[in-house]
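K.L.:
No letters, just coordinates:
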């Protein structure tokens, strides 16, 4: 076996996003289904609403388009950086100064001109917001003229470009305490009506500088999964996001679209032995999962494709890292030679022997642990139960238990947890695996630490080109084969 996986987070599957979409060309559809996909309005039930509103300086748009606002840069479907509000940008040789040229003639939805002063105001406001946006590495932001913005960083940071692609620009002249409820921006749409807990209605921004949206009006319905599916069946919605349990249902006039995502599910294993406590007094560590052989054996024994087929009805893909298929993913993390027999051999050779009950033991420690998952999450519950059954022949005893998030905050440092991760930003890899983030909320909650991994991620962060950064992100995930590296250099995240 070539892979040495001293991992603490065992990624199981990527969940595909499945949507039912009204068919404009289906001549046999029932009259209850949407009948004219050439119409100007689209009704969608594709997710929950934003509790905090629509202010980019406090986090709106971090996981997708800010909708009402424009960003300086953007990604295309292949994650290549494209210009948006910016007509050009450059980075100094030392990686500390980013110069952005703003396109001319851009207006906010109220008709006022967007200038470099608005960009400076946006980033200064976001910096002081105390929100999820981390601008702690930004030394200053200033404008040299009405169309040029200069960002000066404290240290080079390749991931700064992700902030330029996600923070929407807000208007200084129209920004106040109520902005999150009544956003004004330069994006493709403008807010018309927001009935909290029910729906959001937006219309085309007449001043938008980019390609005009095909649909002039969008209505987002905030519905639970069952209600959203019912809306699809009754023809009350054109696009509906559905779980895999509904994906095989046939609805006249609608068809299913499968969309690839970075929506991972995996088990976060405590990396250190038991014995320590957090400052709040919560236990840290687990004497079973802290053994790298246990984690490696599990990684080799689990049949990911069987989990995709059995739990997700095929609407997913096997996964090995939090970055599968993204530009910074290392495909060498894929385990191609895994099987139960080789996993058993690992445990036998490491001294984990089965007792009379068929449960392995070593040095008086029994190979049993609780696997926790958020109560009410059907997919994570099903994955947890299927996983426990799957590795039982390995001689590991797993008890599954659903807990509230409040309970998980107290228990997740000492017990494996079926977590969910996913981001189009490599910074998520740093947050989950860095030694500097141990014990910080849900990031690295099980205290993973590997100085070699940290060193490569630090190089990735400080790289002055995306190509160099991705090279180091890949090395942080996996460096090579067991027989080609000294022992202290062996590691893996996937």
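P.N.:
That came through fine. Please read these numbers as outputs of a predicted model, since none were measured by experiment.
K.L.:
Can you tell me which helices and strands the lowest-mean-pLDDT helix or strand in the chain packs against?
P.N.:
When each helix and strand of the chain is scored by mean pLDDT, DSSP states H and E, strand 9-15 comes last, with a mean of 74. Applying 3 or more C-beta pairs under 8 Å, 6 or more residues apart in numbering; DSSP states H and E, we find strand 9-15 packed against strand 264-268, helix 292-301, helix 304-311, strand 316-318, helix 378-391. The way it works is simple: take the backbone N, C-alpha and C, and place the C-beta from them, glycine included.
K.L.:
residues of the following helix or strand past it that come out buried?
P.N.:
Later in the chain than strand 9-15, the nearest helix or strand by DSSP states H and E is strand 17-22. Of the residues in strand 17-22, 18, 19, 20, 21, 22 count as buried by neighbour count, 16 or more other C-beta atoms under 10 Å.
K.L.:
what do you get for stretch 182-200?
P.N.:
For stretch 182-200, a neighbour-count test (16+ other C-beta under 10 Å) marks 183, 184, 185, 186, 187, 188, 189, 190, 191, 194, 199, 200 as buried.
K.L.:
Now tabulate those in TSV and tack on secondary structure and distance to residue 336.
P.N.:
Listed next are the buried residues of stretch 182-200 as TSV, based on DSSP: H, G, I helix; E, B strand; the rest coil; distance: C-beta to C-beta, whole Å:
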residue	secondary structure	distance to residue 336
183	coil	48
184	coil	52
185	coil	47
186	coil	48
187	coil	44
188	coil	43
189	strand	45
190	strand	50
191	strand	50
194	strand	49
199	strand	47
200	strand	45
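K.L.:
which among those gets closest to residue 115?
P.N.:
For the buried residues of stretch 182-200, the residue nearest residue 115 by C-beta to C-beta is residue 186; the value is 11.1 Å.
K.L.:
Give me the distance between the residue lying closest to that closest one once chain neighbours are set aside and residue 82.
P.N.:
Distances taken as C-beta to C-beta, 6 or more residues apart in numbering put residue 70 closest to residue 186, at 4.4 Å, once the chain neighbours are dropped. Residue 70 is 12 Å from residue 82, where distance means C-beta to C-beta, to the nearest Å.
K.L.:
More neighbours: which of the two?
P.N.:
Neighbour count, other C-beta atoms under 10 Å: between residue 70 and residue 82, residue 70 has more, with 25 against 10.
K.L.:
Please identify which helix or strand holds the more buried one.
P.N.:
Assigned by DSSP H and E, residue 70 falls within no helix or strand.
K.L.:
Isn't it up against residue 189?
P.N.:
No: counting by C-beta atoms under 8 Å, residue 70 sits too far from residue 189 to count as a contact (11.1 Å).
K.L.:
contacting residues around residue 323?
P.N.:
262, 329, 426, 429, 473, 477 (C-beta atoms under 8 Å, 6 or more residues apart in numbering).
K.L.:
what ranges do the helices span in the stretch 201-350 of the chain?
P.N.:
In the stretch 201-350 of the chain, the helices defined using DSSP state H, counting those that start in this stretch lie at 225-233, 244-247, 292-301, 304-311, 340-349.
K.L.:
separation between residue 323 and residue 198?
P.N.:
Counting by C-beta to C-beta - residue 323 and residue 198 are separated by 36 Å.
K.L.:
Apologies, that question was intended for residue 404.
P.N.:
Residue 404 sits at a distance of 26 Å from residue 198 (criterion: C-beta to C-beta).
K.L.:
how about residue 54, secondary structure?
P.N.:
Three-state assignment for residue 54 (DSSP: H, G, I helix; E, B strand; the rest coil): coil.
K.L.:
ok, it touching residue 68?
P.N.:
Yes: counting by C-beta under 8 Å, residue 54 touches residue 68, with 5.7 Å between them.
K.L.:
Let me see the ranges of the helices in the stretch 51-200 of the chain.
P.N.:
Along the stretch 51-200 of the chain, the segments classed as helices by DSSP H, counting those that start in this stretch run 116-127, 160-166.
K.L.:
ok so, going back, farthest pair within the buried residues of stretch 182-200?
P.N.:
Pairwise distances across the buried residues of stretch 182-200 (C-beta to C-beta) peak at 24.1 Å, for the pair 186 and 199.
K.L.:
How about the closest residue to residue 376 other than its chain neighbours: which residues does it bridge to?
P.N.:
Of all residues not flanking residue 376 in the chain, residue 402 sits nearest, at 7.2 Å (C-beta to C-beta, 6+ apart). Residue 402 has these beta-bridge partners by DSSP bridges: residue 373.
K.L.:
got a list of what residue 402 touches?
P.N.:
Counted by C-beta under 8 Å, 6+ apart, residue 402 has contacts 372, 373, 374, 375, 376, 377, 381.
K.L.:
Residue 386 too?
P.N.:
Residues in contact with residue 386, defined by C-beta under 8 Å, 6+ apart, are 306, 307, 310, 311.
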